[in-house]
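[1] I'd like to go over a predicted model; first the sequence, then the structure.
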Amino acid sequence: MPPRPAALAARAAPEPAAPPREATAVALLAAGAALCPFLLGWLSLAPNRLLSPRPAALPMTPGVTLGLGAFLFACLAVLLLARRERLLPWAEAAAALALTALLATLGLGAGMALEGVSPLARAMPAAGPWLAVLLLALAAGSCAAGRGGTPARFLLLSALGAAGLLAAGLLDGLSVVREAAARGAEIRAALGQHLLLAGGALALALALAVPLGLLALSRPRLEAVLMAVANGFQVIPSIALFGLLMGPLAALAAAFPGLRAWGVGGIGPAPAMLAISAYLLLPLASALLAGLRVAGPALLDAARGQGLTARQTLLRLRLPLGRGVILGGLRVAAVQAVGLATLAALIGGGGLGALVFQGIGQLATDLILLGVLPVVALSLLVDALLAALQSALEVPR
Amino acid sequence: MSRPLLWLLAQAAAFLLALWAAPRAEGLWRWLFPGIARPVWESQGWFTLLGEHLMLSLGAAAIAGAIGLGAGILATRPGGQRLRPLLDAVFSLAQAIPPVAVIALALPLLGFGAAPTLLALVLYASLPVMRGAVAGLDAVPPGVLDAARGTGMGRAGILARVELPLALPVIQAGLRVAVVLSIATTAVGAVAGAQCLGTPIVTGLANGNMAWVAQGAVFTAWLALLADRALRLVLARSTG
């Protein structure tokens, strides 16, 4: 029986909402993340810490199968949820679930693979899971692209998931977790030094950029000099600047031995902090000047007409209007400080870079990871925190 | 020849002269670093290191330029709009991972030498080119495109003869950042065994030889400043 025209019309009427423009990229990334551990291998086993690892099969115990199923289901959920604009935040959360399930699968699989082998043997993720993690992070980032670009929900949920798995002891089979357990105190000390280096450099750069920026606001020649110097530093490779500062600081410490008590010397945190802060001048100063100029000439005129002093104009008009832009510069500078502090270890400044360079020297992947993973986590955390603060303070225009 | 160009050539000549003179100026290094037994860097010739440095960074910049421009063109086509969220995600993720971390992570996979550095260089240098290409192509006024379409030009013709020429200044600015960035990042590659002007810095730091560190640092910084100035000058001429 041919369908009646009325029924046909009724079926065609509710036009399905078009998928958002994020849908294609997220779908490709989620599908890639689900596939690549199967294509590139799940686990590698090494007879001991120094011998090179060989690919190993994932032992399919019930626990591992459950984790694997959850991973594939979560990847599918990311793909499907991203097809509706208002479900994009949920797609981001599903990506975090996929990451957690992937970690659980690997941890359980590594624990099983190590049973009955020599206690020196180590199990680590093969190339597949690493690529899957990268693709999941990009998928979450794509979901968040329309809302400022920081996948805060993904980062928070993944961190919670990974912390839960660690606390439950599910990841103890992975070699990087074993290495971390063996070097717990060293890692905490390096993290503390890293925060001190990055924070100290940021404070130093702020102490220079804020007064100079305020002075340069009404002095074009000072502004030109400040910007030329700040731009010049950006061009100099960081490793060269670290090296260039060592000689003069060593000479200074030799000439005035009292300075050594303050940590001034050719080697150590002082030259590193100084060099890092040089790179932060440009983002800080340019954002400060741009932020203070958000208040247009007409507004400033009106303020002068009302009899506001320069100080009142600054505090009541320029700062409140420009605080979003200024915080944006602070965000860029803080993330750069965390990254640059990695190089401080080259000149004896300590920090997480010390683990990285030690790992490079021994070609020990776990050690490199123990240095790099906290750096990446730290800069993502700093970025997400300052982004949240920025969007909370942004003046709606 | 214009004065800025002459000035640039003089600076380049001074740089090359300093590279030539560095191994011959033993007296200077002994006077500057009295405590160091072998203050002269003799393991490799400075010109060899300069050549390797330029080859690695310019080669990487060329690859990155092609990738970045291609991705930028793709993302500004009507069908390529779907790529935009992915590009944004790549940008914000790359900001959080310092280049030295990429070099360190690639090291166990690719081994010591130039390969990990090349990978990091291509990844990081393609970002500013991509950003410049997207910004430049986005800024072409729709009226201009309409007019070009009205004259019967095809899509490829519009891209090659209207869009790219109009977007050129922004794309070139992106390329300049890419080249300067890759010259700077190449120096960091010395920690992974890449031969470049950063090698004396890393070797000197490992051996406690401040004279080698200072020589490597001076020449690395000098090369970067020189390249930046040269690119600014060349680009100002071609668009001015």
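    That came through, no problem.

[2] for the stretch 1-150 of chain A, which residues are neighbours of chain B?
    A:21-26, A:29, A:127, A:137-146, A:149-150 (CB under 8 Å from any CB of the partner chain). (C-beta placed from N, C-alpha, C; glycine too.)

[3] contact partners for the closest residue to residue A:90 other than its chain neighbours?
    Excluding its sequence neighbours, the residue lying closest to residue A:90 (CB to CB, 6 or more residues apart in numbering or on different chains) is residue A:81, at 4.9 Å. Residues counted as contacts of residue A:81 (CB atoms under 8 Å, 6 or more residues apart in numbering or on different chains) are A:87, A:88, A:90, A:91, A:94.

[4] which among these gets closest to chain B?
    Distance to chain B across the contacts of residue A:81 (CB to the nearest CB) is lowest for residue A:88, with 9.6 Å.

[5] quick one: end-to-end length of stretch A:299-316, please.
    Start and end residues of stretch A:299-316 are separated by 12 Å (CA to CA, to the nearest Å).

[6] and for stretch B:74-94?
    Across stretch B:74-94, first to last residue, CA to CA, it's 20 Å.

[7] how does chain A divide into domains?
    Using automatic domain parsing, the domain ranges for chain A come out as A:17-174, A:184-393.

[8] and the last one with chain B, contact?
    Pointing back at domain A:184-393 there. Yes - residues of domain A:184-393 contacting chain B under CB under 8 Å from any CB: A:232, A:235-244, A:246-247, A:250, A:266, A:332, A:335, A:339-340, A:342-343, A:346-347, A:353, A:356-357, A:359-360, A:363, A:365, A:368-369, A:371-372, A:375-376, A:379-380, A:383.

[9] sec struct for the closest residue to residue A:291 other than its chain neighbours, please.
    Excluding the flanking residues, the one nearest residue A:291 by CB to CB, 6+ apart is residue A:322, at 3.0 Å. What DSSP: H, G, I helix; E, B strand; the rest coil gives for residue A:322 is helix.

[10] next up, the contacts around residue A:322.
    By CB under 8 Å, 6+ apart, the contact set of residue A:322 is A:290, A:291, A:292, A:293, A:294, A:295.

[11] how many neighbours does residue A:218 have?
    By the criterion of other CB atoms under 10 Å in any protein chain shown, residue A:218 has 9 neighbours.

[12] can the domains of chain A go into JSON lines with extra columns for mean pLDDT?
    Formatted as JSON lines, these follow (pLDDT from 0 to 100):
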{"stretch": "domain A:17-174", "mean pLDDT": "87"}
{"stretch": "domain A:184-393", "mean pLDDT": "86"}
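
[13] for residue B:137, which of those domains is the nearest?
    Closest of the domains of chain A to residue B:137 is domain A:17-174, at 17.2 Å (criterion: CB to CB).

[14] can you give me the buried ones in stretch A:275-293?
    Within stretch A:275-293, the residues that count as buried by 16 or more other CB atoms under 10 Å in any protein chain shown are A:275-289, A:291-292.

[15] show me the shaky parts of chain B.
    Residue ranges of chain B with pLDDT under 70: B:1, B:238-240.

[16] fine by me, we can end here.
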